[in-house]
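J.: the following block contains a protein sequence and its predicted model.
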Amino acid sequence: MTAVGSVRGAAERKVVVQAREQVAEGVVAIELCDPSGEELPVWTPGAHIDLVLDGGGLVRQYSLCGDPADRTTWRIAVLREPDGRGGSAYVHDELHQGATIFTRGPRNNFPLHSAARYLFIAGGIGITPILPMITAVEGAEWRLAYGGRTAASMAFAGDLRATHGDRVLLWPQDEHGLLDLDTLLAEEPMDTLVYCCGPAPLLEAVEARCANRPLHMERFTPKDTGEPVMNGAFEVELTASGLTLMVPPGRSILEVVEEAGVHVLTSCREGTCGTCETSVLAGVVDHRDSLLTPEEQAANDVMFVCVSRAACPKLVLEL
């Protein structure tokens with residue numbers, strides 16, 4: 001589905017910080033609600049919302065980690081990133097009880113699929129999208145392997161172990177080293193559905209070991225997609241806007257269409273959030289995002305215009 005907005009705020013919702021709690025070293029949990037008490041939009045495990053911060057100058061994505069059945073409250077948990085781009089610092093320093101902000105979404109690029117057995121692998125703050133998944137699959141067989149730098153840095157670890165016992169393996173790196181992925185996966189049948197979220201080195205290690213296993217991952221940072229298929233310029237025809245534009249090397253489709261006055265809802269600008277998903281009506285896409293599966297890329301019916309490009313002279317897009 002194409003996410004396009006003509007004005008700022010077209011897809012934004014005002015919320016208020018209802019509660020705030022320190023849940024681990026460097027991690028705060030924030031509860032958000034509608035200022036007038038109205039129900040919040042429905043969401044499913046794996047979904048995230050955008051926080052529009054600092055007057056709109058910062059837009060960041062955070063996984064919803066509360067109860068999808070609770071329509072009154074959204075909960076997120078945010079790790080302060082000392083070397084980040086400012087979003088986590090703003091949440092930690094400015095979002096106290098009673099503060100109001102705008103949100104977008106929810107959207108789900110990491111949906112929970114049905115399976116008889118699951119292995120959840122979380123690294124650090126990557127536990128957040130996994131939490132509602134665990135609740136949703138209580139009727140199935142599942143295990144969680146949860147690694148972090150230290151025990152004190154692992155949000156919700158105590159509650160998880162207290163509630164689910166031996167189904168949860170807690171693995172602080174300073175005590176045990178890196179997660180023993182080879183042993184974890186060797187203990188699982190080949191049809192176990194693996195869900196993984198965390199830092200890039202963990203995702204790369206899991207992906208390398210799951211070439212023949214069903215695997216779903218969510219990335220916080222973009223994967224390396226190498227050089228573009230085409231290094232030259234290409235055309236984009238925008239059917240809704242009646243424009244045909246030239247996209248030169250070194251510039252994204254998003255930058256070019258925005259410069260032409262076409263407003264596209266966008267957030268991460270690095271192919272990880274899914275906000276700028278756009279329908280493709282004709283042409284072949286050079287998919288450079290970190291979201292679509294190989295099968296979804298092969299369908300060639302949507303693209304993320306912040307990073308993906310053309311693998312042919314012209315694309316026709318529903319913009």
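T.: Sure, I can see it.
J.: what average pLDDT does stretch 312-319 get?
T.: If you average the pLDDT over stretch 312-319, you get 96.
J.: pull the distance from that stretch to the chain's centre.
T.: Taking CA atoms, centre = their mean, to the nearest Å, one finds stretch 312-319 lying 26 Å from the centre of the chain it belongs to.
J.: okay, now Leu281: neighbour count?
T.: Leu281 has 13 neighbours, counted by other CB atoms under 10 Å. All C-beta atoms are positioned from the backbone trio N, CA, C, and that covers glycine.
J.: that one is in contact with Thr239, isn't it?
T.: Yes: Leu281 lies in contact with Thr239 (CB atoms under 8 Å); the separation is 6.4 Å.
J.: pull up the overlap in contacts between those two.
T.: Jointly contacting Leu281 and Thr239 under the rule CB atoms under 8 Å, 6 or more residues apart in numbering are 316-318.
J.: narrow the residues you listed to those that are buried.
T.: With neighbours counted by 16 or more other CB atoms under 10 Å, these contain buried members at 316-317.
J.: for the shared contacts of Leu281 and Thr239, which one is nearest Gly177?
T.: Leu317 (47.2 Å; CB to CB).
J.: so that closest one makes contact with Thr278?
T.: Yes: counting by CB under 8 Å, Leu317 touches Thr278, with 5.4 Å between them.
J.: anything in contact with each of those two?
T.: Common contact partners of Leu317 and Thr278 (CB under 8 Å, 6+ apart): 303, 305.
J.: packing partners for the host helix or strand of Ser88?
T.: Ser88 is part of helix 87-94, with elements assigned from DSSP states H and E. Packing partners of helix 87-94 (3 or more CB pairs under 8 Å, 6 or more residues apart in numbering; DSSP states H and E): strand 27-33, strand 48-53, strand 58-63, strand 74-79.
J.: the first one pairs with which strands, parallel or anti?
T.: The reference is to strand 27-33. Strand 27-33 has its sheet partners listed here by DSSP bridges as strand 12-24 (antiparallel), strand 74-79 (antiparallel).
J.: winner for burial among those strands?
T.: Highest mean neighbour count of these: strand 74-79, a mean of 24 (counted as mean count of other CB atoms under 10 Å).
J.: got a list of contacts for it?
T.: Contact with strand 74-79 is made by 15, 23, 26-33, 40, 43, 49, 51, 62-66, 88, 91-92, 103, 106, 124-125, 128, 155-156, as judged by CB under 8 Å, 6+ apart.
J.: ok, now stretch 171-184?
T.: Contact with stretch 171-184 is made by 119, 121, 123, 145-151, 154, 169, 202, 205-206, 209, as judged by CB under 8 Å, 6+ apart.
J.: same thing but at 10 Å, please
T.: By CB atoms under 10 Å, 6 or more residues apart in numbering, the list of residues contacting stretch 171-184 from outside reads 119, 121-124, 143, 145-154, 157, 169-170, 186, 194, 196, 198, 201-202, 205-206, 208-210.
J.: bridging across strands, which residues link to Asp286?
T.: Arg309.
J.: wait, doesn't it sit right on Val305?
T.: No: look at Asp286 against Val305 with CB atoms under 10 Å: they stay out of range, at 11.8 Å.
J.: for the two, indicate the residue with more neighbours.
T.: Taking other CB under 10 Å, Asp286 and Val305 do not tie; Val305 has more neighbours (29 against 19).
J.: is the more buried one in contact with Val264, as I believe?
T.: Yes: under the criterion of CB under 10 Å, Val305 makes contact with Val264 at 6.6 Å.
J.: and for those two, which residues touch both?
T.: 2, 253-254, 257-258, 276-278, 317, 319.
J.: buried among those residues? Make that a ChimeraX selection.
T.: Filtering those down to the buried ones (16+ other CB under 10 Å) takes a single ChimeraX command:
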select :2,253,254,257,276,277,278,317,319
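J.: which of the contacts of stretch 171-184 are buried? Put it as a ChimeraX command.
T.: Only the buried entries of the contacts of stretch 171-184 go into this ChimeraX selection, using 16+ other CB under 10 Å:
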select :119,121,122,123,124,143,145,146,147,148,151,153,154,157,169,170,194,196,198,202,205,206,209,210
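J.: the longest helix anywhere in the chain packs against which elements?
T.: Secondary structure of the chain read by DSSP state H shows that its longest helix is helix 200-209. Here helix 200-209 touches strand 117-123, helix 181-186, strand 193-198, strand 215-219, going by 3 or more CB pairs under 10 Å, 6 or more residues apart in numbering; DSSP states H and E.
J.: on contacts alone, who are the packing partners of the shortest one?
T.: Pointing back at strand 215-219 there. strand 117-123, strand 193-198, helix 200-209.
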